[in-house]
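*Asks:* with the sequence up front, the predicted model follows.
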Amino acid sequence: MGLRFETRASDSPWVDTVWTCTSERVAEMTSVAAVNWGLVFWERGGRAYASVSGPATRSGTSPVPEGATFVGIEFAVGTSLRAVPMSSLVDGGTELSRTTRKSFWLDGVRWETPGPDDAEALVDRLVRAGAVVRDPFVTEIRRGRRPAASGRTVERRFRAATGLTQGAVRQIERARTASTLLAAGVHVADVVSRLEYFDEPHLAHALRRFVGRTARQLREGAGGALGLSLDQPTS
């Protein structure tokens, strides 16, 4: 047995997805590049933990505690923590202190630890308190609109709000979509065409860099535990 992921979309403009995971006899997993930062809560052996996870620019290997249950909130691109520069979270994160099964400490305030159905309620409270903020420039860009500013200003604001360049976000999101399609059985050539990769070697390079898997491994479900939910194929 490995990781049992369940992921759902959110109707909150501040949240991308909410996920749960149970680890079963897993020592490590392949982590996947990600454009979102998040809050992660988990329990193991009667103890509770919480952390802030940052965007990740490449795949890697992460240890996984056996017998742990997780709840995660992935925030929308362009949101950020008021007290933490996004650049400091890229390819890293920070564990939150004084966490219990009922509460955790963030931005100088103690908050109630959420379950998977309470995630949006927690985010609403964080937003109202000003602990979570967002840059409207990034929101406009994500909607396909062009803010009234120079390209340099837009890129600077985008990177300050997300920790990543626009190009990096596009590459990571495209590789994650490719992974989902391949795992759903879509042929490699069709993925190349649909996502406008130059050719199959370029797709292969992106998968190695951002997902840590080959196309064959994704199609066959091979390669060990993967930190990515592939249950909901992208059409």
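*Replies:* Looks like it came in fine. Numbers count the residues shown, from 1 in each chain.
*Asks:* drop to CA atoms for contacts and neighbour counts, all remaining ones
*Replies:* OK.
*Asks:* what is the longest helix that the chain contains packed up against?
*Replies:* The single longest helix within the chain, with elements called by DSSP state H, is helix 166-183. Secondary structure elements in contact with helix 166-183, counted by 3 or more C-alpha pairs under 8 Å, 6 or more residues apart in numbering; DSSP states H and E, are helix 151-162, helix 188-194, helix 200-210, helix 215-220.
*Asks:* buried residues of it, list them for me.
*Replies:* By neighbour count with 16 or more other C-alpha atoms under 10 Å, helix 166-183 contains the buried residues 166, 169, 171-172, 174-183.
*Asks:* show me the shaky parts of this protein.
*Replies:* Along the chain, segments meeting pLDDT under 70 span 1, 26, 231-235.
*Asks:* tell me what the lengthiest strand in it is packed against?
*Replies:* With secondary structure taken from DSSP state E, the chain has its longest strand at strand 15-23. Strand 15-23 is packed against strand 3-9, strand 69-75, helix 119-128, with contacts defined by 3+ C-alpha pairs under 8 Å, 6+ apart.
*Asks:* and of the ones you listed, who's closest to residue 143?
*Replies:* Across those, the minimum distance to residue 143, taken as C-alpha to C-alpha, is reached by strand 69-75, at 16.1 Å.
*Asks:* need the next SSE after that closest one, C-terminal direction.
*Replies:* The helix or strand immediately downstream of strand 69-75 is strand 79-81, counting by DSSP states H and E.
*Asks:* which parts of the following helix or strand past that next one are buried?
*Replies:* Following strand 79-81 in sequence order, the next helix or strand is strand 93-95 (DSSP H and E). Neighbour-count burial for strand 93-95 flags residue 93 (criterion: 16+ other C-alpha under 10 Å).
*Asks:* next one: strand 93-95 to chain centre, how far?
*Replies:* Offset of strand 93-95 from its chain centre (C-alpha atoms, centre = their mean, to the nearest Å): 14 Å.
*Asks:* and the next element down the chain from that strand?
*Replies:* If you walk from strand 93-95 toward the C-terminus, the next helix or strand you reach (DSSP H and E) is strand 103-106.
*Asks:* not counting the helix or strand just after that next one itself, show me its contacts.
*Replies:* Using DSSP H and E, the helix or strand that follows strand 103-106 towards the C-terminus is strand 109-112. Under the criterion C-alpha atoms under 8 Å, 6 or more residues apart in numbering, residues 102, 103, 104, 105, 122 lie in contact with strand 109-112.
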